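> Would you be able to build a 3D model of this:
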Amino acid sequence: MPAPAANKRVKNRRISRNIIIGSEAWNLPPPGHPDRPKGVPEDHTKRWTVYVRQPEGDPVLTTWLNKVQFKIFSTYENPLRTCENPPFEVTETGWGGFTVDIRLHFQPMSGEKAQYRQHFLQLEKYGTPEQQERQEKTGCVRAEYLEVVQFNEPTEALFEALTAEDQWDYLMPQSAKGGKKAAMMSMGANGKPKRGYPNGERSAQLPEKGSEDMMFSQEHEAALIDLLQKKMAEVDAQLDAEGKKKDETEQRLKALRDELGQAAAQQAAQQASGDRSRRR
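I've put the predicted structure just below:
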């Protein structure tokens, strides 16, 4: 069997991968405190990390991601930081938030150009009172979101890599940390490593049924569609009712205009008749 081509594309196929882009920030001890790291400027109040990570249970990130560049604020030494191996993250200290430019570089076999993302470095508490209370309790302000990277008609080499079984090798029991319990937690009910899909399914399609490891499924999608259709029907019914009320109101207004118009004409005729009588 010939080796996959590095530039030949797989037509009519698209594969997506999820990444987490985020940051975490912690309070620094005040200047003079014995636990404060040495060499940190006195006006720096936070220690922070900005990162690109793979969601738990997803295939290994380096299958398709080659390196990540973080462009932090220009006042930092060497503001363009390049991470060529995991963990793809940058840790620094500071006192204010700013926008971090992130450049994702793909594996050479992908033939894809780098893609850009942005993330605001959130250092202060935010969100609902409950969220802020939790941030205060843990001492950590975390801001992150799930981003989707799509490979439309990937090269044959990339397609083979993205559909290979060894992407989930890191979830195998022998590589799990924490002994037998951790090893068992990394396995699905079918004895295969958890991969974010029920029964180890690897597909661009949603699984038929959900599970503890996968809340989204075709069943869930169908239920949402059914709910949306019911809500749309309710809205349509309300629109019909409002339309009928509008028609009834317009008919009453027309009748009032007609009635008032006739009365006004009669009054004008009577007034004109009286004027003629007085002139005689």
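> use CA for all of it now, contacts and neighbours both
Will do.
> Helices of the stretch 51-200 of the chain, start to end?
Using DSSP state H, counting those that start in this stretch, the helices of the stretch 51-200 of the chain run over residues 129-138, 156-162, 179-185.
> Could you single out the most deeply buried of these?
Greatest average neighbour count among these goes to helix 156-162 (a mean of 20), per mean count of other C-alpha atoms under 10 Å.
> so how far is that one from its chain's centroid?
26 Å (C-alpha atoms, centre = their mean, to the nearest Å).
> can you redo the helices of the stretch 51-200 of the chain as JSON lines with distance to Ile19 and mean pLDDT?
Output for the helices of the stretch 51-200 of the chain, formatted as JSON lines (distance: least, C-alpha to C-alpha, whole Å; pLDDT from 0 to 100):
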{"stretch": "helix 129-138", "distance to Ile19": "23", "mean pLDDT": "93"}
{"stretch": "helix 156-162", "distance to Ile19": "14", "mean pLDDT": "95"}
{"stretch": "helix 179-185", "distance to Ile19": "22", "mean pLDDT": "45"}
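> Which of those helices sits closest to Glu77?
Between Glu77 and those, the tightest spacing by C-alpha to C-alpha is seen for helix 129-138, at 29.3 Å.
> Who are the contact partners of Gly261?
By C-alpha atoms under 8 Å, 6 or more residues apart in numbering, Gly261 lies in contact with nothing.
> Where does it fall, secondary structure wise?
Using DSSP states H and E, Gly261 falls within helix 218-279.
> model confidence over that helix, on average?
Across helix 218-279, the average pLDDT comes to 79.
> so who does the nearest residue to His105 once chain neighbours are set aside touch?
Distances taken as C-alpha to C-alpha, 6 or more residues apart in numbering place Ala114 nearest to His105, at 4.7 Å, with adjacent residues excluded. Shown in contact with Ala114 (C-alpha under 8 Å, 6+ apart): 103-106.
> Mind putting those residues into JSON lines with pLDDT and distance to Gly139?
JSON lines is the format used below for the contacts of Ala114 (pLDDT from 0 to 100; distance: C-alpha to C-alpha, whole Å):
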{"residue": "Arg103", "pLDDT": "98", "distance to Gly139": "29"}
{"residue": "Leu104", "pLDDT": "98", "distance to Gly139": "30"}
{"residue": "His105", "pLDDT": "98", "distance to Gly139": "33"}
{"residue": "Phe106", "pLDDT": "97", "distance to Gly139": "35"}
